[in-house]
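Visitor: Need a 3D model of the sequence below.
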Amino acid sequence: MAGVGVVSLVCIGAALFVGSTMQAVVGLGIGLAAAPVITLLEPDLMPGLLIMLALLLPCFTLVRDHDDIDWAGLNWSLPARVVGTGVGVWVVAHFSHRQLGIVVGVAVLLAVLVTWRVVTVPVNHGTLSAAGFIGGITGTATSIGGPPFALLYQHRPAQQVRTTMAVYFLIGALLSLVGLLVAGDLTLHQLRVAVVLVPALLLGVVVGGPLRRWLPVDAVRPALLVLSAASAVVLLARSLWP
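Guide: Predicted coordinates:
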C-alpha cells in the first residue's frame, strides 16, 4: 500500500492481532499493544487508524453478550468523555509526531502501572466522571481510553465488565472519530490502511473467544502488560532521542 511498507503492515498487523486477542479475553488490550507500534512505525496513521479499528471490537462483544450492562455508571462517564474528547482533539491538532509519541509512550506506561497495581477505587459519580474525562483525552489523543474505566470495574463480574466496557468503547470511539473528523485529523489514508488491517483484528477476535473460556485471565494480563510496557519504552526512547 502506498506510503506504508510491507514490514510496517506486518508488524502493525501482528500488534493488532495480539491486542484484539487480549481484548477478547480480558476486555481491553488493543490500544496498549498496538498504539506504541503504530506510533513508532507509522505516526501519520495515529490516532485515527487505531480508533477506527477499535470501533469494531465492541460490536463483536455486544452481538454475543449484551446483558448486565451498567447503564447507571455509563450515564455519568459518557458525558464527561464528551468533554475529554474535545481536549484530546486539541492535543492531536497541536502536538507534533514526536510529541505525540512521547504522549503515547507515557500514557501506555501509566496505563500499565495502573492496571498492574490492582488499586481499589470507589465507584461513584465523581470517579465515573473522572474516568470518562481522562479516557476521553487519552482515548482520542492516543487511542488508549480504557484503563481508567477498567480500573473502576475491576472487581465487578466479568460479564458486566465486558459488556459495559464494550458500550463505553463503542460510544467513546464514535465521539473521538467525530471530533477528529471535524478537526481535519481523520484522513482517507488512515481509512484505507484500516480496511487492509481488519483481517488481523478479526483473527484476534476469533482466537480470543475460545481462549477466554479456558485460559486464566491472571495468566494473560501480565504478558500483555509486559509487552505493552516494552513497546512503550522503545517508543519513548525513539521519540526522545530521534
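
Visitor: Show me where the protein has its helices.
Guide: 6-26, 30-41, 48-54, 56-64, 71-94, 97-116, 125-141, 147-153, 158-183, 188-214, 217-240 (DSSP state H).

Visitor: Lowest average confidence across these, which one?
Guide: Note on the helices of the chain: helix 217-240 shows the lowest mean pLDDT, a mean of 74.

Visitor: what angle do it and helix 188-214 make?
Guide: Angle of helix 217-240 versus helix 188-214, following axes from the mean of the first three to the mean of the last three CA atoms, to 10 degrees, is 150 degrees.

Visitor: if I look at the residue lying closest to H189 once chain neighbours are set aside, how far off is N124?
Guide: Sequence neighbours aside, G3 is the residue nearest to H189 in space, at 6.4 Å (criterion: CB to CB, 6 or more residues apart in numbering). Quick note: C-beta positions are derived from backbone N, CA and C, even for glycine. Per CB to CB, to the nearest Å, G3 is found 47 Å from N124.

Visitor: Could you do L174 as well?
Guide: As judged by CB to CB, L174 and N124 stand 26 Å apart.

Visitor: likewise A130?
Guide: As judged by CB to CB, A130 and N124 stand 10 Å apart.

Visitor: Looking at those two, which has the bigger crowd around it?
Guide: A130 (18 against 12; other CB atoms under 10 Å).

Visitor: so what's the more buried one up against?
Guide: Listed by CB atoms under 8 Å, 6 or more residues apart in numbering, the contact partners of A130 are A80, P148.

Visitor: That one and L45, how far apart?
Guide: Using CB to CB, A130 is found at 30 Å from L45.

Visitor: and if you look at L177?
Guide: For L177 relative to L45 (CB to CB), the value is 14 Å.

Visitor: what about A93, distance to D44?
Guide: The value you get for A93 to D44, if CB to CB is used, is 14 Å.

Visitor: Going by how many neighbours each has, rank L177 and L45 and give me the top one.
Guide: Shown here are L177 and L45; by other CB under 10 Å, L45 has more neighbours (22 against 19).

Visitor: For the more buried one, list the residues it contacts.
Guide: V4, I12, I38, H189, Q190, V193.

Visitor: Narrow those residues to just the buried residues.
Guide: V4, I12, I38, H189, Q190, V193 (16 or more other CB atoms under 10 Å).

Visitor: Pick out the residue nearest the middle of the chain.
Guide: G31 (3.1 Å; CA atoms, centre = their mean).

Visitor: I144 is in contact with that residue, correct?
Guide: Yes: between G31 and I144 there is a contact at 3.8 Å, judged by CB atoms under 8 Å.

Visitor: Determine the number of other residues adjacent to the closest residue to W76 other than its chain neighbours.
Guide: Of all residues not flanking W76 in the chain, L128 sits nearest, at 3.9 Å (CB to CB, 6+ apart). For L128, the neighbour count with other CB under 10 Å is 24.
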